[in-house]
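Engineer: Next one to model:
(chains A, B and C)
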Amino acid sequence: MGIEFIYPEFEVVRDRDRCIACRVCERQCSNEVHSYSPVRGVMISDESKCVNCQRCVSLCPTRALKIVKSNCRLRENANWQDETVKEIYKQANSGGVLLSSMGNPKPLPVYWDKILINASQVTNPPIDPLREPMETKVFLGKKPSAVRRDSEGKLDFSISPQIELAMPVMFSAMSYGSISYNAHASLARAATELGILYNTGEGGLHEDFYKYGSNTIVQVASGRFGVHEDYLEAGAAIEIKMGQGAKPGIGGHLPGTKIVGDVSRTRMIPEGSDAISPAPHHDIYSIEDLRQLVYSLKEATEYKKPVIVKVAAVHNIAAIASGIARSGADIIAIDGFRGGPGAAPPRLRDNVGIPIELALASVDQRLRDEGIRNNVSLVAGGSIRSASDVIKAVALGADACYIATAALLALGCHLCRTCQSGKCNWGIATQRPDLVKRLNPDIGSERLINLMSAWRHEIMEIMGGMGINSIEALRGNRLMLRGVGLNEKELGILGISHAGE
Amino acid sequence: MKRVYVNEEWCLGCRLCEYNCAFANSGLGDMVLALKDRKIFPRIHVEGNDSITFAVSCRHCTDPICQKSCIAGAISKADGVVRIDRSKCVGCLTCVLVCPYGALSPGEDGIMQKCELCLENACGAPACVTGCPNKAIVYEERSDPE
Amino acid sequence: MKHYVIIGNGTAAVGCIEGIRSVSADGGITVISAENHPVYSRPLISYYLEGKTDLEKMRYRGEGFYEINGCRVIYGRKAVSVNTSGRTVILDDGSSVPYDSLCVAAGSRPFVPPFPGLETVGKKFGFMTMDDALELEKALSEDARVLIVGAGLIGLKCAEGICGRVGSITVCDLADRVLSSILDADCAAIVQDHLEKNGISFLLGDSVDKFCESKAYMKSGKQIDFDVLVLAVGVRANTELVKEAGGKVNRGIIINCRAETDLEDIYAAGDCTEGYDASTGTNRVLAILPNAYMQGYTAGVNMAGGCSVHDRAIPMNSIGFFGLHMMTAGSYEGEMTEEKIPAGIKRLFIKDGILKGFILVGACERAGIYTSLIRDRTPLDTIDLELTKKVATNLIFSQESRRKKFGGIV
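Structural biologist: Below is the predicted model of the structure:
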């Protein structure tokens, strides 16, 4: 209190006329905001603990609750804004690095929203996806650049290992440990049903999910948690994680309190020990080193699985991607700075890295310029929010997109950005059994399937409008895009014309 | 025949089923009016401790011992549904004494009431099922225990 | 086609009819009813006097029950004998009813000790039948002093039923506690206290030496003036029909778990029988309504050629007085555990790793779980015993057995 006091960010507004004191809010809040006062015979709340996850709001049977932003504000100051000052207070109180999760909330430019899509009129008729076949299937992996023949002149059909996706979207890496068993189960089941892939993240693969292996990307990150031969064999592809969009250049830290039971076994580390992923891979200091790891993994899996290298979108991403494309990797995944981490220092999250749109466009252009675009497929991630974002990403050169935040939203996430607390009321970013069970994979997988089916439908509609009947034909087709409100430089990097041109 | 089943793996112990049940059988159209400032007498009850919770309501047994034991002849079974004629019940609780599932409890007036699958009220489908936020309670056809 | 005859028209008879019809729609059923009423719920007569039910609602089965089930009911006639060689039942008007298969569900009658001077008492009543209740009702008045002889279930339910309609009620019993057949001393004391708070007076450990008009002279020397006398001392099973036909009887007609007597094609069910008590493993009279129905049902199924075994009967009672409920079941042998709760008391009796019986006063929630532990002879080492002692909940079972219990059709 006193100098350390910070007025709660949210207020719990309870309509006393509606509240029936059923105490569902109390039972459902892991932050212990709500309680019943037997003396007063009413529900009361301690909003200082509220993270605005909306669980109580969603389950209140009489709609008696809402959470609003507190209007107890400091004096207005455009430079010293309320949030900035309160962060200073927090750090003066604690002496610690600030921590948050789930993506950059700052009003930095979202280029997707400044890019518009073309449609056919008169001279090139649109296609009705309800009447005409429409292909959303894509293959990720190294493609031959020329027709090849053997010594007898017969066509050589051999091709590097590929990933087949029913639509150009995958669920990106979220580790078991950072998210719950049931969240993984939901993702795995939905990916299998949808004919796409999900990604284990760096926490290993729970033995229960090996059966979904053909729809699984297994990740190898700097901590090498849970990596062993069967694990590598289990997946359809292997991803080397070099960096993450929300926190480029730093590692990860899953606190020992989350390393319990199956998480500990799956990660192959003792219970209660902190899982610290180093910032670098300690054996990778060059493209040559990366190449060694790529080929080690290929060797281990008999060259049957494509290897993905995931990097954060940073300033010289095009040059980095060029190096990766020469390392033997089959796929490059680029993660933009709006990506959502399970936990990241907001100073990094909000200030380090570059938007995926610019990174993707420059990488695609650079690889084309160097004639090595077919060496790799490109996967774009870091806040893909809708089917139109997917379309725009593909037109900017992506072979497919990674989504994670959108998938978590489908699972119930309300973006309260407090994953790091481990008390996720929606059963996603938690290992507490009473909270984990709140996410029933029957519901979770169904909702993911719903979301992806809806996107696929929209993708086909937009493609049809453009007169394109195969998503492959859209890739890198920047003529289908126009910018609005963008300057020459931005348009140049994106490789698109301004609207009206 | 469809019955209400509870899968304790997914039960959150939120007790919404109890409130939805009490509301559904209140005959009122407004939950606030029906339940505010009242002790509720639902026909489904959540049991459990800190780690396990599950809801229990009438199993609509093939051979209902409550029906055979009712001293007032108030409990009957037709079309697979075990029903109670509350006008005949005198609240002796013999059905509570014999139900091996502990599924029965009296209403506010001391007269027995029981789950009748929301067939007698305006819900159309069991309110505990439609209101369960985690699909822990389902209304479906099953054969023998899995 | 078989012809079925049922002597009696109570709960066991209904069980028998429904048992027969669960197997076969063929064959006529003749029901011999001494009472001039279609079947009604006998235990409800006290509720009737209390105003909690009425004669119409007391009907145990709905309108048309006999017609639907193909029954002919002979009202107001008693069976006086069974001719086993001729396979007929002789009625008190001399007529005879032939049977192929017979069920004796003749019930019980009040036991009235030979009190000297009883004949001088004007308003004296039994409390077994609807007619008893209707007669008693006529004698009730706001200032009537009622003496009830017998502090058992019948006497006390009668006391509760008429409490609001008379001036005073005194209950006397030879036993030193109320409900001596189902409660131990401590629990009886709680119940007695509750009844006294509701205006019932007791004279326990004492019995009537003689009556003289409206005065009872007690063995202790006390004298009680009364206007209305209710005799609820006890009941005796109606065993004579079977005994005289050569069947084996003890305190009740001896039957096996198929409800068969040792006479060919003669079954028996209900309060007149002595059947297997699963809680003790012995035969005894279990004069309770659920048992009557289930024995009757078993008899009916077997009479119609089906196969039914009723081997899980146990004594059990659920009864309440003035809002205080109590439940008892099984036998009170072995080690006793006790849990005191604000509302009352909970006592379980455990022997050989099995729950044998219980007494619950004021804490009856989910008591059927306890009852099923007795009936199923569930080994207590397979459940959470400590929790069981405290509360009846399905949490006492393992997750796996709960899955089996709740996962499918039962």
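
Engineer: Give me the neighbour count for residue 40.
Structural biologist: Answering for chain A, as no chain was given. Residue A:40 has 8 neighbouring residues, counting by other Cβ atoms under 10 Å in any protein chain shown. From N, CA and C alone the C-beta is placed, and that goes for glycine too.

Engineer: was after chain C, sorry
Structural biologist: When neighbours are defined as other Cβ under 10 Å, residue C:40 has 24 of them.

Engineer: swap in residue C:26?
Structural biologist: For residue C:26, the number of neighbouring residues by other Cβ under 10 Å comes to 11.

Engineer: so where do the strands sit in chain B?
Structural biologist: Remark: strands assigned in chain B by DSSP state E are B:2-6, B:45-48, B:53-56, B:75-78, B:81-84, B:105-106, B:112-113, B:137-141.

Engineer: mind checking which of those is nearest residue B:23?
Structural biologist: Nearest to residue B:23, of all those, is strand B:112-113, at 14.0 Å by Cβ to Cβ.

Engineer: just checking, what packs against that closest one?
Structural biologist: Contact here means 3 or more Cβ pairs under 8 Å, 6 or more residues apart in numbering or on different chains; DSSP states H and E; on that basis strand B:112-113 packs against strand B:105-106.

Engineer: Nearest residue to whichever residue of the stretch 251-400 of chain A sits closest to chain C in space, please, no chain neighbours.
Structural biologist: Distances between the stretch 251-400 of chain A and chain C by Cβ to the nearest Cβ are smallest at residue A:261, namely 17.0 Å. In space, and not counting its chain neighbours, residue A:261 is closest to residue A:271: 7.3 Å by Cβ to Cβ, 6 or more residues apart in numbering or on different chains.

Engineer: separation between that neighbour and residue C:25?
Structural biologist: 67 Å (Cβ to Cβ, to the nearest Å).

Engineer: which residues of chain B score low on pLDDT?
Structural biologist: Filtered on pLDDT under 70, chain B yields the residue ranges B:144-146.

Engineer: Would you map the strands across the stretch 301-450 of chain A?
Structural biologist: For the stretch 301-450 of chain A, applying DSSP state E, counting those that start in this stretch gives strands covering A:307-312, A:331-335, A:377-381, A:400-403.

Engineer: and residue A:359, which of these is closest to it?
Structural biologist: Nearest to residue A:359, of those and by Cβ to Cβ, is strand A:331-335 at 5.3 Å.

Engineer: quick one: the closest one to strand A:377-381, angle?
Structural biologist: 20 degrees (axes from the mean of the first three to the mean of the last three Cα atoms, to 10 degrees).

Engineer: What pairs with strand A:331-335, parallel or antiparallel?
Structural biologist: Applying DSSP bridges, strand A:331-335 is found paired with strand A:307-312 (parallel), strand A:377-381 (parallel).

Engineer: Going by neighbour count, list what's buried in it.
Structural biologist: By neighbour count on 16 or more other Cβ atoms under 10 Å in any protein chain shown, the buried set for strand A:331-335 is A:331-335.

Engineer: Tell me which residue lies nearest the centroid of chain C.
Structural biologist: Chain C has residue C:288 as the residue nearest its centroid, 2.8 Å off, counting by Cα atoms, centre = their mean.

Engineer: wait, what's in contact with that residue?
Structural biologist: Contact partners of residue C:288, counting by Cβ atoms under 8 Å, 6 or more residues apart in numbering or on different chains, are C:315-317.

Engineer: Which one (most neighbours) among those?
Structural biologist: When neighbours are counted by other Cβ under 10 Å, residue C:316 leads the contacts of residue C:288 with 27 neighbours.

Engineer: That one and chain B: what is the separation?
Structural biologist: Distance of residue C:316 to chain B, given as Cβ to the nearest Cβ, to the nearest Å: 6 Å.

Engineer: thinking that residue is in contact with residue C:327, fair?
Structural biologist: Yes - Residue C:316 is within contact range of residue C:327, at 7.4 Å (criterion: Cβ atoms under 8 Å).

Engineer: joint contacts of those two?
Structural biologist: residue B:97.

Engineer: quick one on the thing from earlier: ranking the strands of chain B by burial, who's on top?
Structural biologist: Of all the strands of chain B, strand B:53-56 carries the top mean neighbour count, a mean of 24, counting by mean count of other Cβ atoms under 10 Å in any protein chain shown.

Engineer: If you count residues, where's the longest helix of chain C?
Structural biologist: In terms of residue count, the longest helix belonging to chain C (DSSP state H) is helix C:289-303.

Engineer: after that one, next one along is what?
Structural biologist: strand C:316-321 (DSSP states H and E).

Engineer: strands paired with that following strand, and their directions?
Structural biologist: strand C:324-330 (antiparallel).

Engineer: Distance from the chain centre to the strand it pairs with, please.
Structural biologist: Chain-centre distance of strand C:324-330: 14 Å, with Cα atoms, centre = their mean, to the nearest Å.

Engineer: Give me the buried positions along the helix or strand just after that strand.
Structural biologist: Later in the chain than strand C:324-330, the nearest helix or strand by DSSP H and E is strand C:335-341. Neighbour counts over strand C:335-341 (16+ other Cβ under 10 Å) mark residue C:337 as buried.

Engineer: Strand partners (parallel or antiparallel) of strand C:335-341?
Structural biologist: Applying DSSP bridges, you get strand C:344-351 (antiparallel) as the partners of strand C:335-341.

Engineer: Would you mind listing the outside residues contacting the strand it pairs with?
Structural biologist: Strand C:344-351 is contacted from outside by C:184, C:186-187, C:190, C:324, C:326, C:330-340, C:355-363, C:370, C:380, C:388-389, using Cβ under 8 Å, 6+ apart.

Engineer: Let me have the strands paired with strand A:331-335 in a markdown table, adding mean pLDDT and distance to residue B:88 as columns.
Structural biologist: Output for the strands paired with strand A:331-335, formatted as a markdown table (pLDDT from 0 to 100; distance: least, Cβ to Cβ, whole Å):
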| stretch | mean pLDDT | distance to residue B:88 |
| --- | --- | --- |
| strand A:307-312 | 97 | 71 |
| strand A:377-381 | 98 | 66 |
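
Engineer: which stretch among those strands comes nearest residue A:57?
Structural biologist: strand A:377-381 (29.8 Å).

Engineer: what about the closest one, distance to the chain center?
Structural biologist: The chain centroid and the centroid of strand A:377-381 are separated by 12 Å under Cα atoms, centre = their mean.

Engineer: what about the residue lying closest to residue A:180 once chain neighbours are set aside, neighbour count?
Structural biologist: Leaving aside its sequence neighbours, residue A:180 sits nearest to residue A:436 (Cβ to Cβ, 6+ apart; 4.4 Å). Using other Cβ under 10 Å, residue A:436 is surrounded by 17 other residues.

Engineer: before we move on, what about residue A:336?
Structural biologist: For residue A:336, the neighbour count with other Cβ under 10 Å is 27.

Engineer: Against residue A:359, how distant is it?
Structural biologist: 6 Å.

Engineer: ditto for residue C:6
Structural biologist: In this view, residue C:6 and residue A:359 are 90 Å apart by Cβ to Cβ.

Engineer: Comparing those two, which residue is more hemmed in?
Structural biologist: Set side by side, residue C:6 and residue A:359 show more neighbours around residue C:6, with 35 against 29, by other Cβ under 10 Å.

Engineer: For the residue nearest to residue A:471 when sequence neighbours are not counted, list the residues it contacts.
Structural biologist: Leaving aside its chain neighbours, residue A:471 sits nearest to residue A:136 (5.1 Å; criterion: Cβ to Cβ, 6+ apart). Residue A:136 is in contact with A:166-168, A:456, A:459-460, A:463, A:471, counting by Cβ under 8 Å, 6+ apart.
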